[in-house]
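**Student:** need a structure here:
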Amino acid sequence: MEKPCTLLVHFDKGSPSMANEIKSDLEGSDVAAKVDAMKRAIMLLLNGETLPHLFITVVRYVLPSEDHTIQKLLLLYLEIVDKRDATSGKVLPEMILICQNLRNNLQHPNEYIRGVTLRFLCRLNEPELLEPLVPSILANLEHRHHFIRRHALSAISAIYRLPHGDQLLPDAPDLVDRALAGEQDAAARRNAFLMLCACAQERAIAYLLTNADRVAEWPDLLQMAAVDLIRKVCRSPNRADKGRYIKIIISLLSAPNSAVVYESAGVLVSLSSAPTAVRAAANTYCQLLSSQSDNNVKLIVLDRLHELRASHRDVMVDVVMDVLRALSSPNVDVRRKVLDLVLDLLTPRNVEEVVMYLKKEVVKTQAGDLEKGGEYRQMLVQAIHSCAVEYPEVAGSVVHLLMDFLGDTNVAAAVDVVLFVREIIETNPKLRVSMIQRLIDTFYQIRASRVCSCALWILGEYSLSLSEVESAISTIKQCLGDLPFYTVSEEGESTDASKPAQPVVNSVTVSSRRPVVLADGTYATQSAATETAISSPAVAPGSLSSTQNLRSLILSGDFFLAAVVACTLTKLVLRLEEVQPSKVEANKASTGALLIMVSILQLGQSSYLPHPIDNDSYDRIVLCVRLLCNTGDDVRKVWLQSCRQSFTKMLAEKQFRETEEMKAKAQISHAQPDDLIDFYHLKSRRGMSQLELEDAVQDDLKAATGEFTKDADDANKLNRILQLTGFSDPVYAEAYVTVHHYDIVLDVTVINRTKETLQNLCLELATMGDLKLVDRPQNYTLAPESSKHIRANIKVSSTETGVIFGNIVYETSNVMERSVVVLNDIHIDIMDYISPATCADVAFRNMWAEFEWENKVAVNTVIQDEKEFLDHIIKSTNMKCLTPPSALDGECGFIAANLYAKSVFGEDALVNISVEKQADGKLGGYIRIRSKTQGIALSLGDKITLKQKGGSS
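**Tutor:** Numbering: from 1, shown residues only. Model (predicted):
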């Protein structure tokens, strides 16, 4: 569609004979046939057919009809039919024929006919047709029916906004102002007010301020228009009467209409930074959050609260409990946003109250009737974990409750709980004894391999007293069951020695052949990290089968867990030798541990299981056996102290990293040394309310701290200007590209370099990739050596490198055929869509295993230092390095790191860099990119290939 279009109806193009059928139906007297013929004519016109000879038939046979449906269709037909000559641009002479009919309609006794005619005139752009109708339109302002007055005001507004509309209706603002003063209908008042806002803003402001005390009683349509006017008026800083507008907005916060309340809160925050105003807006948002049932509305309101938190955190802290009430929503996205917001608003004053509320929510999830209860419980555990890490004093009140969920069927939630326990037991030494005892009591309930591994590590590191060590060893033995793990019967068949009904084992990971990326960025086989969950059979709680979780997992082939069991037993035996005065008891425990390890090795090398033990686990268990047989002081120190010291160091580094990130996020505003200082105590306070005083103070503070002045990033703007044509071309063009999330705006400056007038100059654009041109720029006439700014909007639907290409086409008076200037291609950079982000190691590895698109780029660079190469890739790709700096320290000639970024469309981009220094001093290796969609993996790969060489490129 190349012309402006106000109406669109889908219709498959008909045959040429259809035009003749329409004509004959219109000439007949059957009303139903005429209606059908008019509908077909309208649909053919909308889909590109011209129907040149139909207009006279419509004038002769349709215009006189009194049927309302036909009259409505006639107006739609007149709306879309070509009313101007294609060559000269003048109004077609036959169009004058419809003026008398339109005038008659505007004086018709039926209100519906008058109303739809007035509505049609809103979309008529020809002054020649409108001029004779103006008196009739104005006469309808006095009509008794509000339906007609409403559309008469709309028609006056539309005509006045035409290029020469002020000549057609020179006194329109006066007329509308008078009509508004005496009007009672809500929609008519809104139309009149909007007309004044657009065409005579001072009159609209005067009306608003005159009726300021009654704005709260206005109908919601008019209130919304008033809010929009205040937003526009107050964009200019330092308005003297801003306080009066703030009072109006405050009164609208208690309006019955939710849309008005929401808009008023947003305008209030943009108008004033006073704590009273911000608090009123925050309370309003919280009320909307609890009163609205639509999840989309809740998400939008939460976004506004997040914005408030960024600039007014001190005020937002007071409403944190009101925000928490939104957790009653069953929607997971709403709950996630609520928890994210609340965690940003924690203070020593409210943390206990928040944790108690979260604790109650965790208890509710045990009921089992909640939708997505497991996922919600996981989110709550992570939130409580964050609270306890930031404020350790609250950990004691929740840790024992959370330990009940170590046996959760939701593996991810159980893993979060055990990681929380591991961190709290290190950071809160006072809770160690009770937590170890609780862990020993609940260990048999654990049903997931990864949770068992972490729980065993905790038992091995933090069981310090004699009773704790003995209880831990006893619990592990009980969970392993009787030895050996299997026996060979006389028939030669291998069977489980303990013979109770075995639990059913469900593997919840991908194929064991698929490689996974470990925390340090290196690859390993999946069997070393297989996650297994047990679905317990129907047995009585506390019976043998329900307690032998380790035995079930090991018999399912999980030898990584078996190696962890061996290491834990080794640590416990070594510690027992230090705390147990009786050598006999210590030797007895050592012998029992050795028997378990040998039984595991025997099981791993037998044919009882389909897969034998892997080499890593085998070597680890053999090392434990040798260690227990021959213990030295140095080895004892490594096993009993070094592991825990490494963990403590890891936690300290994590805390340091988070602190540094928080410091980096804190925005520092600078004031200029020659800025004026306005002293609050020297201000005149006469006639100012408390809110106006606060607002004035906040404005002064903003001016003093430089928040009003934004740095003009002129250098960055210059980088975005692209030359589209050459300097010797008759038409010079350059574009300034603005990328804003889903939209790309091209501001193209076109300069006529010739001494001739260029007619019908058109910028023709086309796109490649997931880009779509929104509208086709119109034709222009360029005088000699003059310029024109043309704006083109392009929609983006995914993160992918796109290309915009096209031509400038124009005509001159000397040359009959059109001239074409080909434009340079505009490449839309993927870097405009992705931004650095952070995620947990577990989440990164899960996404790495899940995402199917991988792009593997070989390292080819002149950079010879591996760390310098890593920094270069991070800078070039706008990604964040997830691998901690301590893991990258040292000189070993090898580096492995994980990078992560998120696109504006919510897509994840994962990158793993594995680089080593070769014998000739050059770097070799691979960069692997994984994503859910093909576009981002390919585009990021192309970007890395282009940028990775370094040096001058």
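**Student:** and T442, what pLDDT?
**Tutor:** In this prediction, T442 carries a pLDDT score of 85.
**Student:** Check the one 3 residues further on too.
**Tutor:** Looking at Q445, its pLDDT reads 84.
**Student:** Pull the contacting residues for the residue nearest to it when sequence neighbours are not counted.
**Tutor:** Among residues not flanking Q445 along the chain, G407 sits closest, at 3.2 Å (Cβ to Cβ, 6 or more residues apart in numbering). (C-beta placed from N, C-alpha, C; glycine too.) Under the criterion of Cβ atoms under 8 Å, 6 or more residues apart in numbering, the neighbours of G407 are 414, 442, 445-447.
**Student:** number of nearby residues for L175?
**Tutor:** 18 (other Cβ atoms under 10 Å).
**Student:** What values do phi and psi take at it?
**Tutor:** L175 adopts backbone torsions of phi -60, psi -50, taken as degrees, to the nearest 10.
**Student:** any low-confidence regions in the stretch 651-800 of the chain?
**Tutor:** Within the stretch 651-800 of the chain, the set of residues satisfying pLDDT under 70 comprises 662, 664-719, 741, 770, 797-800.
**Student:** Same check on the stretch 451-600 of the chain?
**Tutor:** Residue ranges of the stretch 451-600 of the chain with pLDDT under 70: 487-547.
**Student:** residue boundaries of the helices in it?
**Tutor:** Counting by DSSP state H, counting those that start in this stretch, the stretch 451-600 of the chain has helices at residues 466-480, 544-547, 549-555, 559-579, 583-604.
**Student:** Which of the ones you listed sits closest to L51?
**Tutor:** Smallest distance to L51 across these (Cβ to Cβ): 76.9 Å, for helix 559-579.
**Student:** Buried residues, the closest one. List them.
**Tutor:** Of all the residues in helix 559-579, those buried under the rule 16 or more other Cβ atoms under 10 Å are 559-577.
**Student:** coming back round to it: how about TSV for the helices of the stretch 451-600 of the chain, with distance to L118 added?
**Tutor:** Shown next, in TSV, are those (distance: least, Cβ to Cβ, whole Å):
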stretch	distance to L118
helix 466-480	83
helix 544-547	79
helix 549-555	78
helix 559-579	78
helix 583-604	88
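**Student:** The residue nearest to Q445 and A277, how far apart?
**Tutor:** Per Cβ to Cβ, to the nearest Å, G407 is found 50 Å from A277.
**Student:** can you map out the strands along the stretch 51-200 of the chain?
**Tutor:** For the stretch 51-200 of the chain, strands defined by DSSP state E, counting those that start in this stretch do not occur.
**Student:** next one: the stretch 401-550 of the chain
**Tutor:** With DSSP E, counting those that start in this stretch as the criterion, the stretch 401-550 of the chain has strands at 486-488, 494-496, 504-507, 515-517, 523-525, 532-535.
**Student:** Assign a three-state SS to V748, would you?
**Tutor:** Under the three-state scheme (DSSP: H, G, I helix; E, B strand; the rest coil), V748 adopts strand.
**Student:** Give me the three-state assignment for the residue lying closest to L209 once chain neighbours are set aside.
**Tutor:** Distances taken as Cβ to Cβ, 6+ apart place R244 nearest to L209, at 6.2 Å, with adjacent residues excluded. Following three-state DSSP, we place R244 in the helix state.
**Student:** Now do R244: how many residues are near it, please.
**Tutor:** Other residues lying near R244 total 15 when counted by other Cβ under 10 Å.
**Student:** domains for the protein, by residue range?
**Tutor:** As assigned by the TED database, the chain contains the domains 212-271, 463-485+547-631, 719-828, 832-948.
**Student:** Including distance to Q645, could those domains go into CSV?
**Tutor:** Shown next, in CSV, are the domains of the chain (distance: least, Cβ to Cβ, whole Å):
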stretch, distance to Q645
domain 212-271, 49
domain 463-485+547-631, 14
domain 719-828, 43
domain 832-948, 13
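**Student:** of those, which approaches M650 most closely?
**Tutor:** Nearest to M650, of all those, is domain 832-948, at 8.1 Å by Cβ to Cβ.
**Student:** Report the distance from the closest one to the chain centre.
**Tutor:** The gap between where domain 832-948 is centred and where its chain is centred comes out at 23 Å by Cα atoms, centre = their mean, to the nearest Å.
**Student:** tell me the mean pLDDT over that domain?
**Tutor:** When pLDDT is averaged along domain 832-948, the result is 85.
**Student:** would you turn the contacts of G407 into JSON lines with neighbour count and distance to M831?
**Tutor:** JSON lines is the format used below for those (neighbours: other Cβ atoms under 10 Å; distance: Cβ to Cβ, whole Å):
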{"residue": "A414", "neighbour count": "28", "distance to M831": "39"}
{"residue": "T442", "neighbour count": "17", "distance to M831": "49"}
{"residue": "Q445", "neighbour count": "19", "distance to M831": "49"}
{"residue": "I446", "neighbour count": "26", "distance to M831": "45"}
{"residue": "R447", "neighbour count": "24", "distance to M831": "45"}
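**Student:** Among these, which lie within helices?
**Tutor:** Using DSSP state H, the members of the contacts of G407 that fall within helices are 414, 442.
**Student:** re earlier: among the helices of the stretch 451-600 of the chain, which comes closest to F55?
**Tutor:** Of all those, the one in closest proximity to F55, counting by Cβ to Cβ, is helix 559-579 (82.6 Å).
**Student:** tell me the angle the closest one makes with helix 583-604.
**Tutor:** For helix 559-579 against helix 583-604, the angle by axes from the mean of the first three to the mean of the last three Cα atoms, to 10 degrees is 170 degrees.
**Student:** Output the contacting helices and strands for helix 559-579.
**Tutor:** helix 449-462, helix 466-480, helix 549-555, helix 583-604, helix 615-629 (3 or more Cβ pairs under 8 Å, 6 or more residues apart in numbering; DSSP states H and E).
**Student:** Now the second one: buried residues?
**Tutor:** Buried positions in helix 466-480, judged by neighbour count with 16+ other Cβ under 10 Å: 468-473, 475-477, 479-480.
**Student:** Output the helices and strands packed on helix 559-579 in CSV; the columns should cover distance to R720.
**Tutor:** Converted to CSV, the helices and strands packed on helix 559-579 look like this (distance: least, Cβ to Cβ, whole Å):
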stretch, distance to R720
helix 449-462, 48
helix 466-480, 63
helix 549-555, 57
helix 583-604, 62
helix 615-629, 52
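**Student:** Quick one: closest of these to N110.
**Tutor:** Closest of the helices and strands packed on helix 559-579 to N110 is helix 449-462, at 76.7 Å (criterion: Cβ to Cβ).
**Student:** who's in contact with the closest one?
**Tutor:** The contact list for helix 449-462 (Cβ under 8 Å, 6+ apart) reads 406, 411, 414-415, 417-419, 421-422, 425, 432, 435-436, 439-440, 443, 446, 472, 475-476, 529-533, 549-550, 553, 558, 560-561, 564-565, 567-568, 571-572, 643-644, 647.
**Student:** Just want the angle from it to helix 466-480.
**Tutor:** 160 degrees.
**Student:** Quick one: distance of helix 449-462 to the chain centre.
**Tutor:** Distance, centroid of helix 449-462 to centroid of chain: 36 Å (Cα atoms, centre = their mean).
**Student:** need the next SSE after the helix or strand containing K875, C-terminal direction.
**Tutor:** For K875, the host element (DSSP states H and E) is helix 866-877. Under the assignment DSSP H and E, the closest C-terminal helix or strand after helix 866-877 is strand 880-881.
**Student:** ok, that next one: who's next to it in the sheet?
**Tutor:** Applying DSSP bridges, strand 880-881 is found paired with strand 894-903 (antiparallel).
**Student:** Pull out the buried residues from the partner strand.
**Tutor:** Across strand 894-903, burial judged by 16+ other Cβ under 10 Å covers 895-903.
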